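# I need the structure of the sequence given here:
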Amino acid sequence: MGKRTFVAPIVATNLTLEVVPTPDEAVVNEEYDVVIIGGGPGGYAAALYGAAAGLSVAMVEKDKVGGTCLHRGCIPAKEFLETASVYRAVKHAAEFGIITADPTIDFATSLDRKGKIVEQLFRGLSGALKGRKVTTIPGTGKMLSDRSVQVTDADGNLSLLHGEFVILASGSAPRIIPAFQPDGKVILTSDEVLDLDKIPATAVVIGGGAIGCEFASMMADLGSKVTLLEAMPAILPGCDKDVANVVVKSFEKRGITVRTGVAVQGHEPRADGTTVIFGENERIDVDAVIVSVGRRPFSDDLLGEGTGVEVDDRGFVRVDEWMRTGVDGVFAVGDLVATPQLAHVAFAEAVLVIKEIMQEPAVPVDYSKVPWCIYCHPEVAFCGMTEEGAKAAGYEVIVKKDPFGGNGRARIVGETDGMVKVIAEKTSDGRAGRLLGVHMVGPWVTEQLGQAYLSINWEATPDEIAQFIQPHPSFSETFGETVIALTGRGLHVG
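Predicted coordinates for the structure are as follows:
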């Protein structure tokens, strides 16, 4: 892309902005090829990828680069889940001949460890942005009608940025239920849970999606008595039913009460917690309530009057398959748009946008085939269609399932709950054709999904995938065995 002559870039650590009384009087400080609003996964991925392509990039971030994923979501949540995993392993150490005293939890240490991990990753990301010469500007960004970006810093000072292209990537915030306004002590969203300095003795988790199941699993493993309430008929919507059923059975075996098809009406605060009212006037006394009913796009005050960028009634910015808004040169990515709210999806969308800007060959993201990973215990990972979804779409299918109970590595580590389920299209000769979906539940399946994801996206057939040699003993053998069975000559699976 042709370069223009720019004034000296703003240095984020030594930023001085002129104080002006109104946005209309703000001074244009800088011009860039690309201006990005938001420094989460979509924003920083676009910044790094764009800068690597030779574009001059400015990124506006009101908090810290890394966004929800790094500071209040994926990374800290998985650290707590790993703490739960270690605690669970120590409790069962005697099964391996290792005799220990009953373990206790110093949750403050886990909290401190979480903070160190987040800080290390934050510093690494900040260094990468600096190394690519991305100008990171602290403040809140708003796109104006002339496609400039107004930045308001912490002191209320204003500046303007101009970019030939603008990428909106302001992310999301937890959805709340009106009757359950978070107070940071008893009523919590995913943000507040990750700042707890101790695990409550009893808790209700409202919402049985991915985040709700992760929190329920983590808290139960660390000693909390957990009740999971889901208004839908089943937990983990979007997952294959067979997979979700394995999770439910595991949860119930570990003392988690799972109630589906029940709505919450409200709660009555008590001195030491609250009483949650749900279903047909059922009541439960708990120390804490975790509201986990999804996330809303953070489009509040993102757009000035007359920008031409459309926002739907749910707050999502409207885009086409190339992530283009209705305004030339303006794109939106990540949780701000109505696509799967996954960090790796935001990465893919960011790369797509930069390729569009560079006028390079690009392929839109196929959201029906993105990988999904849920880090509860047992873990869940899948991509492609469920069995029910494939049939509803008109496919005749052949399905094979293989439990982890017969896997040598699973037996060795003592994690045998779960299975691999593969759905293939039935061809005219009655054999299994291209793979339509792969669904896994069990030990470390989030680390096993790679070859399944490639198989689905390359529309590979069982005959092709069956040639993959799986290491022995390994968890991944279960996927290999299931696919071999689809060829009609399974080793252990019929």
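# tell me which residues in stretch 262-270 are buried?
For stretch 262-270, the neighbour count (16 or more other Cβ atoms under 10 Å) marks 264, 267 as buried. (C-beta placed from N, C-alpha, C; glycine too.)
# just how off-centre is it within its chain?
28 Å (Cα atoms, centre = their mean, to the nearest Å).
# tell me the mean pLDDT for it?
For stretch 262-270, mean pLDDT is 96.
# contacts for that stretch?
For stretch 262-270, contacts defined as Cβ atoms under 8 Å, 6 or more residues apart in numbering pick out 177, 179-180, 186-187, 206, 229-231, 274-279, 281-282, 285, 289.
# specify the local secondary structure of I137.
Under the three-state scheme (DSSP: H, G, I helix; E, B strand; the rest coil), I137 adopts strand.
# low-confidence ranges, the stretch 1-150 of the chain, go.
Low-confidence segments of the stretch 1-150 of the chain, defined by pLDDT under 70: 1-29.
# helices along that one, start to end?
With DSSP state H, counting those that start in this stretch as the criterion, the stretch 1-150 of the chain has helices at 41-52, 67-71, 74-91, 107-131.
# does anything pack onto the shortest one? Which helices or strands?
Packed against helix 67-71 by the contact rule (3 or more Cβ pairs under 8 Å, 6 or more residues apart in numbering; DSSP states H and E) you find helix 41-52, helix 107-131.
# extract the C-alpha set from it and format it as CSV.
The C-alpha coordinates for helix 67-71 follow below in CSV (Å, rounded to 0.1, in the frame of the first residue of the first chain):
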residue,chain,number,x,y,z
GLY,A,67,-9.1,-7.3,26.1
THR,A,68,-11.6,-9.5,28.0
CYS,A,69,-9.9,-12.7,26.8
LEU,A,70,-6.6,-11.9,28.4
HIS,A,71,-7.7,-10.0,31.5
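# what about stretch 323-334, how long is it end to end?
With Cα to Cα, to the nearest Å as the measure, the first residue of stretch 323-334 is 10 Å from its last.
# is V330 bridged to anything, and to what?
Taking DSSP bridges as the rule, V330 bridges to V166.
# and it, what does it touch?
Per Cβ under 8 Å, 6+ apart, neighbours of V330: 143, 147, 165-168, 307, 309, 324.
# what's the distance between it and E356?
12 Å (Cβ to Cβ, to the nearest Å).
# hey, what's in contact with both of the two?
Contacts common to V330 and E356, judged by Cβ under 8 Å, 6+ apart, are R324.
# tell me which of the helices of the stretch 1-150 of the chain sits most buried.
helix 41-52 (a mean of 26; mean count of other Cβ atoms under 10 Å).
# how about the strands in the stretch 301-450 of the chain?
330-332, 372-374, 379-384, 397-403, 419-426, 432-442 (DSSP state E, counting those that start in this stretch).
# need the pLDDT of the residue positioned nearest the centre of the chain.
With distances taken as Cα atoms, centre = their mean, L342 lies nearest the centre of the chain, 3.6 Å away. pLDDT recorded at L342 is 96.
# how far away is it from G315?
Distance, L342 to G315, using Cβ to Cβ: 18 Å.
# got it, and F122?
27 Å.
# returning to what we had before: buried ones among the contacts of stretch 262-270?
177, 180, 186-187, 206, 229-231, 274, 276, 278, 289.
# and those, which of them are in strands?
187, 206, 229-230, 274, 276, 278, 289 (DSSP state E).
# nearest to G405, of those residues?
E230 (27.4 Å; Cβ to Cβ).
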